[in-house]
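Visitor: just need the structure, nothing else, for what follows:
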Amino acid sequence: MVTRYLSWAFLILFSIIGGILGKAAGDIYFRIGAVRRLMGTSELYSITATIAFIALGVIMTSYLSQVINRQVMLLSNNLEKLSTAEKLEVLIGVVVGITVATIMVYPWPLSATIKVCVWMVAGTAFAYLGARLFLSMKEDIFLILPSGSGLAKAQAQQDQGEKPRERIKILDTNVIIDGRISDVCRTGFVEGPIYVPGCVLEELHHIADSTEPLKRARGRRGLDILQQMQKDMHLLVRTYDHLPLEGNGEVDYQLVQLAKKLDGAIITNDFNLNKVAELEGVTVLNVNELANALKPVVLPGEEMSVTLIREGKEINQGVAYLEDGTMVVVEGGRRHIGETLDVTVTSVLQTVAGKMIFAEVKSANGGEEGGSNMRSGSAGGGQRRKSRQSVQ
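Guide: As a prediction, the model looks like this:
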């Protein structure tokens, strides 16, 4: 019922405005010299032309009122579903639209009545356009607001059953040079927009211009990886560099501040940046931790085939490496360096750098060659067993 009354109110109001504007257009038309000479002093023609202009104005504004009424109804229904921040954006858009309409209409040399009518039509149109414009930029506006408002928006979307905005992933300089993040992103395991700040680009450019050949090669490799990622996926570069940041100009600190402003996550393989970001309450995606998590699980008692390539730190130890780079320390493997042989896993040690696997050489009869030597060997053999146990 309220919608019906509002539609009639729009129709009547705009019809009156259309009639006034039509009468004004007719008066302007009659002031044209060629028209006056053609019409002469015929009062009937004057009245007919005036009525035609008024009818034309009423028809045009009536149609405009129906269009605006439908859009206003649609907007009002959607307003109930919007969060507080989005309603604020609509209000700002309406105020900006009315202000623009006022600035445009005020200089016109029209009578007060006609100027008010023109201002009402223009103000309604510009208010609607302003509201739609600000709503269309809501993602960028939310990113400018403090991170608390971003969390409030995500919570409001969850309450309404909507899908929350995807979190921005900010790349660190080290992880770009490392190169593995490009393959991870290409597989689709990293969702959402990927952002490269200007400070990271500047650091990469500085590394690429270094006089040291190794650093220069690393910097150019990082720039090449970014260029390829920009072609293959949704990569944002310098998009949010306008956000105000506090403190010094160190790259790590700027990354943490940007992540807090954008309510995003940092992708890195830098241990120190990882710890600082966690202390600041920023989500960190560490590529090294991902690589360690993807390494195959090895349990004591399992058998594997390895190639020993060098001596270990302790007496009678040999060292081998799996395909993923995991170190395998083999007891009794010193004399088998350069050979490929079967070993039995005795224990697995998890360290910050990754996993270390301890194993013993499997003898031809199915036993453990290193273990049998230690049990029947001299005191030196017992000392070697004790050394390995202390390592475990």
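
Visitor: in the helix ranked longest in the chain, what's buried?
Guide: Counting residues, the longest helix found in the chain (DSSP state H) is helix 43-79. By neighbour count on 16 or more other Cβ atoms under 10 Å, the buried set for helix 43-79 is 49-50, 53-54, 56-58, 61, 64-65, 68-69, 72, 75. C-beta coordinates here come from the backbone N, C-alpha and C atoms, glycine included.

Visitor: which helices and strands does it pack with?
Guide: helix 2-30, helix 33-39, helix 84-105, helix 112-136 (3 or more Cβ pairs under 8 Å, 6 or more residues apart in numbering; DSSP states H and E).

Visitor: from the buried residues of helix 43-79, which one has the minimum pLDDT?
Guide: On pLDDT alone, Leu75 ranks lowest of the buried residues of helix 43-79, at 64.

Visitor: helices of the stretch 201-350 of the chain, start to end?
Guide: 213-232, 251-262, 271-279, 287-294 (DSSP state H, counting those that start in this stretch).

Visitor: tell me the most buried of the ones you listed?
Guide: Mean neighbour counts were taken over the helices of the stretch 201-350 of the chain using mean count of other Cβ atoms under 10 Å, and the top value, a mean of 20, falls to helix 251-262.

Visitor: for that helix, which outside residues touch it?
Guide: 143, 146-147, 150, 168, 170, 172-173, 195, 197, 199-200, 203, 240, 243, 245-247, 264-266, 270, 272-273, 276-277, 280-283 (Cβ atoms under 8 Å, 6 or more residues apart in numbering).

Visitor: distance between it and the chain's centre?
Guide: Centre-to-centre, helix 251-262 and its host chain are 14 Å apart (Cα atoms, centre = their mean, to the nearest Å).

Visitor: quick one on the thing from earlier: for the helices of the stretch 201-350 of the chain, give me CSV that also has distance to Ala101 and mean pLDDT.
Guide: Below are the helices of the stretch 201-350 of the chain laid out as CSV (distance: least, Cβ to Cβ, whole Å; pLDDT from 0 to 100):
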stretch, distance to Ala101, mean pLDDT
helix 213-232, 41, 89
helix 251-262, 34, 87
helix 271-279, 47, 89
helix 287-294, 53, 82
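
Visitor: looking at those, which is closest to Ser111?
Guide: helix 251-262 (51.6 Å; Cβ to Cβ).

Visitor: with just CA atoms, put that closest one into PDB.
Guide: Only the C-alpha atoms of helix 251-262 are listed here, as PDB (Å, rounded to 0.1, in the frame of the first residue of the first chain):
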ATOM      1  CA  VAL A 251      59.900  -3.200   3.600                       C
ATOM      2  CA  ASP A 252      59.000  -5.800   6.200                       C
ATOM      3  CA  TYR A 253      57.300  -3.200   8.400                       C
ATOM      4  CA  GLN A 254      55.400  -1.800   5.400                       C
ATOM      5  CA  LEU A 255      54.200  -5.200   4.400                       C
ATOM      6  CA  VAL A 256      52.800  -5.800   7.900                       C
ATOM      7  CA  GLN A 257      51.100  -2.400   8.000                       C
ATOM      8  CA  LEU A 258      49.600  -3.000   4.500                       C
ATOM      9  CA  ALA A 259      48.300  -6.400   5.600                       C
ATOM     10  CA  LYS A 260      46.600  -4.900   8.700                       C
ATOM     11  CA  LYS A 261      45.100  -2.100   6.600                       C
ATOM     12  CA  LEU A 262      43.800  -4.400   3.900                       C
END
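
Visitor: before we move on, the earlier item: quick one: closest of the helices of the stretch 201-350 of the chain to Gln317.
Guide: The nearest among those, by Cβ to Cβ, is helix 287-294 at 23.2 Å.

Visitor: enumerate every residue touching Thr307.
Guide: Ala320, Gly338, Glu339, Thr340.

Visitor: and for the second one, the neighbour number?
Guide: Right, Gly338. 9 (other Cβ atoms under 10 Å).
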